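K.L.:
heads up, no residue letters with this:
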């Protein structure tokens, strides 16, 4: 999908500090320094121009970045559109190599050069397997993304913004029609989402298209409710007359009925008809045409490494064993007399570890999460020199896309910091949200995890914009998992059961390495993966099933967390050993974060440069 290739999924899903400036070695002569500045400055100007061209391919990405360019449009989602974009990117690389001297660049500009080429190679590689994409599934499906885009990201400050919103309602019909064409083609070639994904998407579409103006069940559908609220806000601000407001409502209703509803109806009808052709028991992508090569490309895309499925599987097994030993130590610390299986069962089922499954319990969960953030914010200056401008809010997932046991997630703030980042929690089943894990999940998704990393990258003005907007799962998710343990250093997890929850969450990520590779490369069944997961974590069975379903529809993505965490820990240990008393945790974190999201090998070089420069001081 074009929107995925342009980097929207995870970053929404991205400041060089003084320490990083010092990390660049000085040239031997003033003339050489001037040459570097000149060539690097020219290249950065060129990147700014090329990035505007890049963004022009994606009206959606522009909106997610808080901009209103092409505000009435949605990306073209055909293979031809993706090829056009990739051909453009290839041409820019040829131009860059012809017009600029790599050896005359400073280290930051060389990093930008390397990342620009890496972006192309990565996207070209993944697009080669477009015929094996699962188009409609419960994690990244555009059928649920587009309502979220309209409701949460299409800001309406003027009548023109509302007219663009209505135009986008119509554009949803065109864009999802292209997705449906792709799903039909892939199905003919032997690629279908698992049956459970069809069933979930059918249910999601029913929720999206239920209520006014589609039927009279007494409620407004999600987008119609948003239309009403945004038009009412314009009226209250004095930006619309009553007549204008009525006209806009009429136009929006027509767009919803004539363009929006029909495509959702067509998708649901096709899924219902094609359901019989899906596998009752889901299989990994090894069963797809060229599935083994597809999975290796997915691992390469998500981990930004050349690790094989077998290597990742073994890393996972080793990590599972290590973490299990630390979990046993906490069991002994709290004087539990049973074995680990009994301890896991105790923590998984005892009522003291769950809030009530009602509005009071949900509100308590949100309130306690905000207290964790208050605690950690006070300690940030001891560990970071750069802090984000944007705030962070905690919210329950919207009803039309909420799923029992589905994982929490983060939506990014705007680059100017005006719109806060959002930590979303699925709360329809509070039994899937144990209190033992809520603290580490909060740190992972918000502060000092995703929100710190993504907001700092987006807000930076010291690196090219395309790097501020980058999204590499191994870096992004590796950082977030790294910060779960960092929070322990910062004084968090005063309750040993919360620390056990942290370890259980780390175990969860280690288990992912085993079960993802197991299902997609080694022929594991869904039940085999579920049993392995359940025997080693306190994760509720509903959440485990949702997790396994997630791994099945976005192969390889779940491996990025632990691979990225291990790399950042490795780089920190390398820097501490090399610098000794000169090592400053704040400077290290700033160097890691200030360059935006990076492929792991480029991050490795960045840290080596930081070490070398500090050794010269």
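P.N.:
Noted; the coordinates are in hand. Quick caveat, the model's predicted, so the values are computed rather than measured.
K.L.:
okay, CA-based contacts and neighbour counts for the rest of this
P.N.:
Fine.
K.L.:
can you give me the helices in the stretch 401-550 of the chain?
P.N.:
435-445, 450-459, 465-468, 473-489, 496-521, 526-534, 541-553 (DSSP state H, counting those that start in this stretch).
K.L.:
Kindly reformat these as TSV and extend each row with mean pLDDT.
P.N.:
Below are these laid out as TSV (pLDDT from 0 to 100):
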stretch	mean pLDDT
helix 435-445	96
helix 450-459	92
helix 465-468	90
helix 473-489	96
helix 496-521	96
helix 526-534	95
helix 541-553	90
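K.L.:
Rebuild the ones you listed as JSON lines, extending it with mean neighbour count.
P.N.:
Converted to JSON lines, the helices of the stretch 401-550 of the chain look like this (neighbours: other CA atoms under 10 Å):
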{"stretch": "helix 435-445", "mean neighbour count": "25"}
{"stretch": "helix 450-459", "mean neighbour count": "28"}
{"stretch": "helix 465-468", "mean neighbour count": "22"}
{"stretch": "helix 473-489", "mean neighbour count": "25"}
{"stretch": "helix 496-521", "mean neighbour count": "24"}
{"stretch": "helix 526-534", "mean neighbour count": "17"}
{"stretch": "helix 541-553", "mean neighbour count": "20"}
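K.L.:
okay, now the domains of this structure?
P.N.:
For the chain, automatic domain parsing gives the domain ranges 2-8+15-128, 142-282, 292-564.
K.L.:
Start and end of the longest one, how far apart?
P.N.:
Domain 292-564 has its terminal residues 23 Å apart, counting by CA to CA, to the nearest Å.
K.L.:
Off-centre distance for it?
P.N.:
Here domain 292-564 shows a centroid-to-chain-centroid distance of 12 Å under the convention CA atoms, centre = their mean, to the nearest Å.
K.L.:
which is the next helix or strand following the strand or helix carrying residue 273?
P.N.:
Following DSSP states H and E, one finds residue 273 within helix 261-274. Using DSSP H and E, the next helix or strand after helix 261-274 towards the C-terminus is helix 291-303.
K.L.:
Which neighbouring elements make contact with that next one?
P.N.:
For helix 291-303, the contact count by 3 or more CA pairs under 8 Å, 6 or more residues apart in numbering; DSSP states H and E identifies helix 107-127, helix 473-489, helix 496-521, helix 560-579 as packing neighbours.
K.L.:
hang on, the earlier thing: for residue 39, find the nearest of the helices of the stretch 401-550 of the chain.
P.N.:
Taking CA to CA, helix 465-468 is the member of the helices of the stretch 401-550 of the chain nearest to residue 39, at 17.8 Å.
K.L.:
tell me what the closest one is packed against?
P.N.:
Short answer (3+ CA pairs under 8 Å, 6+ apart): helix 465-468 packs on helix 30-56, helix 450-459.
K.L.:
where does this protein have low pLDDT?
P.N.:
1-37 (pLDDT under 70).
K.L.:
quick one, longest helix in it?
P.N.:
Counting by DSSP state H, the longest helix found in the chain is helix 159-188.
K.L.:
related to what we said a few turns ago, dump the helices of the stretch 401-550 of the chain to JSON lines, plus distance to residue 267.
P.N.:
JSON lines is the format used below for the helices of the stretch 401-550 of the chain (distance: least, CA to CA, whole Å):
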{"stretch": "helix 435-445", "distance to residue 267": "32"}
{"stretch": "helix 450-459", "distance to residue 267": "33"}
{"stretch": "helix 465-468", "distance to residue 267": "34"}
{"stretch": "helix 473-489", "distance to residue 267": "30"}
{"stretch": "helix 496-521", "distance to residue 267": "27"}
{"stretch": "helix 526-534", "distance to residue 267": "26"}
{"stretch": "helix 541-553", "distance to residue 267": "18"}
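K.L.:
so residue 463 sits right up against residue 470, yeah?
P.N.:
No - between residue 463 and residue 470 there is no contact under CA atoms under 8 Å: 11.3 Å.
K.L.:
Show me which of the two is the more surrounded one.
P.N.:
residue 470 (27 against 20; other CA atoms under 10 Å).
K.L.:
picking that back up, shared neighbours, residue 463 and residue 470?
P.N.:
Jointly contacting residue 463 and residue 470 under the rule CA atoms under 8 Å, 6 or more residues apart in numbering are residue 596.
K.L.:
re earlier: for the helices of the stretch 401-550 of the chain, which one sits closest to residue 424?
P.N.:
helix 435-445 (8.6 Å).
K.L.:
what sits against residue 343?
P.N.:
Residue 343 makes contact with 331, 336, according to CA under 8 Å, 6+ apart.
K.L.:
Check which element follows the strand or helix carrying it along the chain.
P.N.:
Per DSSP H and E, residue 343 falls inside helix 340-349. As assigned by DSSP H and E, the chain's next helix or strand after helix 340-349 is helix 359-379.
K.L.:
Just say helix, strand or coil for residue 214.
P.N.:
Classification of residue 214 using DSSP: H, G, I helix; E, B strand; the rest coil returns coil.
K.L.:
I figured it hits residue 257, correct?
P.N.:
Yes - using CA under 8 Å, residue 214 is in contact with residue 257, at 6.8 Å.
K.L.:
ok, and what's touching the helix or strand harbouring residue 320?
P.N.:
Assessed by DSSP H and E, residue 320 sits inside helix 309-333. Residues outside helix 309-333 that contact it (CA under 8 Å, 6+ apart): 296, 299, 340, 343, 496, 500, 503-504, 506-507, 510-515, 517-518, 521, 536, 559.
K.L.:
okay, the angle between that helix and helix 340-349?
P.N.:
Taking axes from the mean of the first three to the mean of the last three CA atoms, to 10 degrees, one finds helix 309-333 and helix 340-349 inclined to each other by 80 degrees.
K.L.:
Now do helix 309-333 against helix 496-521, angle only.
P.N.:
Angle of helix 309-333 versus helix 496-521, following the same axes, to 10 degrees, is 160 degrees.
K.L.:
what inclination does helix 309-333 have with respect to helix 291-303?
P.N.:
Relative orientation of helix 309-333 versus helix 291-303 (the same axes, to 10 degrees): 60 degrees.
K.L.:
Show me which positions of helix 309-333 end up buried.
P.N.:
Residues of helix 309-333 classed as buried: 309, 312-313, 315-317, 319-320, 323-324, 327, 330-331 (neighbour count, 16 or more other CA atoms under 10 Å).
K.L.:
And for stretch 404-417?
P.N.:
404-415, 417.
K.L.:
and if you look at stretch 190-209?
P.N.:
In stretch 190-209, counting by 16+ other CA under 10 Å, buried: 191-202, 204-205, 208-209.
K.L.:
biggest separation within those, which pair?
P.N.:
Top of the distance list for those (CA to CA): 191 and 209, 26.8 Å.
K.L.:
mind listing what residue 101 touches?
P.N.:
Counting by CA under 8 Å, 6+ apart, residue 101 touches residue 39.
K.L.:
how much space between residue 450 and residue 486?
P.N.:
Distance check for residue 450 against residue 486: by CA to CA, it reads 13 Å.
K.L.:
so how far is residue 457 from residue 412?
P.N.:
11 Å.
K.L.:
what's the answer for residue 315, then?
P.N.:
From residue 315 to residue 457 the distance is 30 Å (CA to CA).
K.L.:
swap in residue 130?
P.N.:
Distance of residue 130 to residue 457, computed by CA to CA: 29 Å.
K.L.:
what's the answer for residue 49, then?
P.N.:
For residue 49, the distance to residue 457 - CA to CA - is 19 Å.
K.L.:
Next: residue 140.
P.N.:
Taken as CA to CA, the span from residue 140 to residue 457 is 23 Å.
K.L.:
Same check on residue 155?
P.N.:
With distances taken as CA to CA, residue 155 is found 22 Å from residue 457.
K.L.:
And residue 179, by the same measure?
P.N.:
Taking CA to CA as the measure, residue 179 falls 31 Å from residue 457.
K.L.:
Next: residue 557.
P.N.:
According to CA to CA, residue 557 and residue 457 sit 21 Å apart.
K.L.:
repeat for residue 543
P.N.:
Look at residue 543 and residue 457: by CA to CA, they are 31 Å apart.
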